[in-house]
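A.B. asks: Here's a sequence, model it:
(one chain, ligands or ions: 2)
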Amino acid sequence: MDNPFSYTSIVSGDSFCNREKEQNDLLKYINNSQNVLLYSHRRLGKTSLIYRVFKKLDEEKTGIGKIYIDLYGTLTEKDFISAMFGSFGQIESRVEKLLNLAKNIFRSARFSFSVDPATNLPTITPVFDSGDKSLLLEEVMQVVADYSKKRKIVVVFDEFQEISNYAVDEFEKRLRKVIQKHKDVCYIFAGSQRHILTQMFNSSSRAFYKLAETYPLEKIATSHYISWVKKLFAEKKVDIDKELIERAVQVCENHPMYIQKFFFHLWDEEELDMELISKIETQLIDRHENEFLNLWDSLTLNQKKTLKLIIQNAGKDIFYADAIQGAGLKSGSQISKALDSLTKKDIISKNDRYDIQDVMFKKWIQRL
Ligand SMILES: Nc1ncnc2c1ncn2[C@@H]1O[C@H](COP(=O)(O)OP(=O)(O)O)[C@@H](O)[C@H]1O
Ligand SMILES: [Mg+2]
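C.D. replies: Ligands and ions are numbered 1, 2, ... in the order given. As a prediction, this is how the structure comes out:
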């Protein structure tokens with residue numbers, strides 16, 4: 001049997017672990033055309049979950065239309081419109097219809113035509129210049145509204161935080177205005193930069209305020225990992241110890257991508273024991289050395305000190321005078337400033353205590 005563990009792209013089939021509740025929750029939102037803000041730190045499984053749910057919609061023959069748009073790397077409203085239009089091949093595979101649609105919307109544009117190698121669906125990309133983009137936005141979104149008159153549809157904007165970079169007047173407001181009118185459409189706004197997204201949706205001064213139900217994607221529970229890993233190993237007639245899986249999951253702090261990496265490397269080993277777990281843990285941190293070095297080098301001295309302080313105090317009581325002094329910092333305001341920047345960079349998060357998001361980065365700092 002081939003190694004079923006995979007960590008370089010979205011996972012599906014046997015490589016996908018559980019998330020039953022999340023799938024059902026999303027299906028409920030989709031069926032009821034309720035908008036959702038799905039967020040988590042990166043590599044926690046948002047995109048994989050979305051694809052899984054899309055597959056379910058097909059399997060259950062719901063007839064609900066599906067559009068997935070990856071906004072990662074889009075820089076302008078023009079990019080957004082192109083990405084949006086490029087996705088219409090997912091609901092309309094008749095090239096002629098697509099072309100007509102394009103001609104109606106982009107009256108003065110040229111088009112490039114291609115086939116998406118991943119999905120084999122046609123893609124028509126408009127090549128247009130300035131013009132009245134606000135009108136284009138409305139018209140391109142109108143396609144979704146028209147479609148939803150015939151059947152329900154779910155539209156996913158992945159890496160939605162990217163739109164906060166578009167340096168253009170009132171884009172959020174204009175987008176909200178059209179989306180708000182769409183009744184039989186479920187919009188899923190997915191993204192990984194929690195502070196940007198929560199600000200966008202939870203602050204009353206912003207356009208997307210209360211436009212979607214907030215759905216933070218959590219890590220996967222240990223018990224789910226245990227049955228999943230056990231089953232995969234059983235297929236090659238290996239009975240892997242529950243304690244061993246538990247330990248590996250603990251080392252990775254339940255982070256799905258690291259767990260996939262962990263078991264990917266464990267798959268071909270003969271002696272499955274605790275010693276091996278430690279060995280793989282060390283290797284995993286080593287493998288990321290360059291990435292972590294770059295990240296570390298990009299931080300200011302106070303940010304580095306603050307990270308070390310978070311680790312030392314397990315994220316608690318970091319504003320105590322002796323903690324501040326012990327970390328070689330001068331004042332609480334220095335820490336506040338560093339915490340703020342580290343949060344914006346998505347390196348740390350705060351729930352009941354501060355924590356470093358990337359568990360292996362945390363372990364790497366501990367080594368310093
Ligand atoms: N349900 C899951 N079961 C097992 N591994 C998962 C699951 N979801 C995600 N992963 C792991 O995490 C990695 C990143 O997943 P991805 O869906 O791209 O996350 P995100 O979109 O949040 O960045 C995958 O390559 C895979 O290794
Ligand atoms: Mg993703």
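
A.B. asks: and the residue of the chain found nearest ligand 1, how many neighbours does it have?
C.D. replies: Closest to ligand 1 within the chain is Gly45: 2.7 Å, counting by CB to the nearest ligand atom. To be clear about C-beta, it is placed using only N, CA and C from the backbone, and glycine gets the same treatment. For Gly45, the neighbour count with other CB atoms under 10 Å is 23.

A.B. asks: cool, Asp158 as well?
C.D. replies: Around Asp158 there are 19 residues (other CB under 10 Å).

A.B. asks: Spatially, which residue comes closest to the residue of the chain closest to ligand 1, not counting chain neighbours?
C.D. replies: Nearest residue to Gly45, sequence neighbours excluded (CB to CB, 6 or more residues apart in numbering): Pro256, at 5.0 Å.

A.B. asks: what phi and what psi does the backbone show at that neighbour?
C.D. replies: phi -60, psi -40 (degrees, to the nearest 10).

A.B. asks: Then the one 10 residues further on?
C.D. replies: Backbone torsions for Leu266, taken as degrees, to the nearest 10, come to phi -80, psi -20.

A.B. asks: That one contacts Leu276, correct?
C.D. replies: Yes: the pair Leu266 / Leu276 is scored as a contact, 6.9 Å apart, by CB atoms under 8 Å.

A.B. asks: Those two: who's more crowded?
C.D. replies: Leu266 (21 against 16).

A.B. asks: ok, now which ones touch the residue nearest to Gly45?
C.D. replies: Cys17, Arg43, Leu44, Gly45, Lys219, Ile220 (CB atoms under 8 Å, 6 or more residues apart in numbering).

A.B. asks: tell me the two of the residues you listed that are most distant?
C.D. replies: Cys17 and Arg43 (14.0 Å; CB to CB).

A.B. asks: More neighbours: these two, which one.
C.D. replies: Legend: neighbour count by other CB under 10 Å for Cys17 and Arg43, higher for Cys17 (21 against 17).

A.B. asks: Just confirm that one contacts Trp228, I think it does.
C.D. replies: Yes: using CB under 8 Å, Cys17 is in contact with Trp228, at 4.2 Å.

A.B. asks: Okay, strands next: where are they in the stretch 1-150 of the chain?
C.D. replies: Counting by DSSP state E, counting those that start in this stretch, the stretch 1-150 of the chain has strands at residues 36-39, 65-70, 110-115, 122-127.

A.B. asks: Tell me which of these sits most buried.
C.D. replies: strand 36-39 (a mean of 23; mean count of other CB atoms under 10 Å).

A.B. asks: What helices and strands are in contact with that one?
C.D. replies: Judged by 3 or more CB pairs under 8 Å, 6 or more residues apart in numbering; DSSP states H and E, the packing partners of strand 36-39 are helix 20-31, helix 46-59, strand 185-191, helix 194-202, strand 213-216.

A.B. asks: Paired strands for it, with orientation please.
C.D. replies: strand 185-191 (parallel), strand 213-216 (parallel) (DSSP bridges).

A.B. asks: Could you see whether ligand 1 lies near the last one?
C.D. replies: Which is strand 213-216. No: between strand 213-216 and ligand 1, judged by CB under 6 Å from any ligand atom, nothing touches; the nearest distance is 11.6 Å.

A.B. asks: How far away from the center of its chain is that strand?
C.D. replies: 13 Å (CA atoms, centre = their mean, to the nearest Å).

A.B. asks: for the first one, same thing?
C.D. replies: The chain centroid and the centroid of strand 185-191 are separated by 12 Å under CA atoms, centre = their mean.

A.B. asks: quick one: it to helix 20-31, angle?
C.D. replies: Orientation of strand 185-191 against helix 20-31 (axes from the mean of the first three to the mean of the last three CA atoms, to 10 degrees) gives an angle of 140 degrees.

A.B. asks: Can you name the residues in contact with strand 185-191?
C.D. replies: Taking CB under 8 Å, 6+ apart as the rule, strand 185-191 contacts 26, 29-30, 32-39, 46-47, 50, 144-145, 148, 152-162, 179, 197, 201, 208, 212.
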